[in-house]
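J.: When you get a sec, could you give me coordinates for this:
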Amino acid sequence: MHKRMTITLDEAVYEGLNRTIGKRRMSQFIEDLLRPHVLDTALDDGYKAMAADKAREAEAQDWCNSLAKDMADEAR
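T.: This is a model prediction of the structure:
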């Protein structure tokens with residue numbers, strides 16, 4: 001669902017936006033710019049991508065296990 005909103009821009013900014021993006025695509029352009037700053041999905045997407053990388057996950061697991069062994073040795 002979309003909500004209508006009125007914003008105020010400097011005339012030069014508006015003209016540049018209109019010239020570069022076009023009048024009919026301004027809303028989507030602004031939404032795409034704002035989305036990562038106002039929704040927490042950017043980190044989620046990054047974590048999903050990292051979890052999907054099986055080689056990276058295996059390396060991270062090995063590192064964690066080695067670190068745990070080192071800590072256990074120091075505790076003795």
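
J.: Figure out the helix or strand that Glu57 lives in.
T.: Using DSSP states H and E, Glu57 maps to helix 54-75.

J.: per the record, what domains does the chain have?
T.: Using automatic domain parsing, the domains assigned to the chain come out as 1-39, 41-75.

J.: Could you export the ones you listed as CSV, including mean neighbour count and mean pLDDT?
T.: C-beta here means a position set from N, CA and C on the backbone, and glycine is covered the same way. Below are those laid out as CSV (neighbours: other Cβ atoms under 10 Å; pLDDT from 0 to 100):
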stretch, mean neighbour count, mean pLDDT
domain 1-39, 10, 93
domain 41-75, 10, 83
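
J.: what distance separates the helix holding Glu57 from the centre of its chain?
T.: Remark: helix 54-75 is offset 28 Å from the chain centroid, using Cα atoms, centre = their mean, to the nearest Å.

J.: Also stretch 13-26?
T.: 24 Å.

J.: just stretch 38-47 next, same as before
T.: 4 Å.
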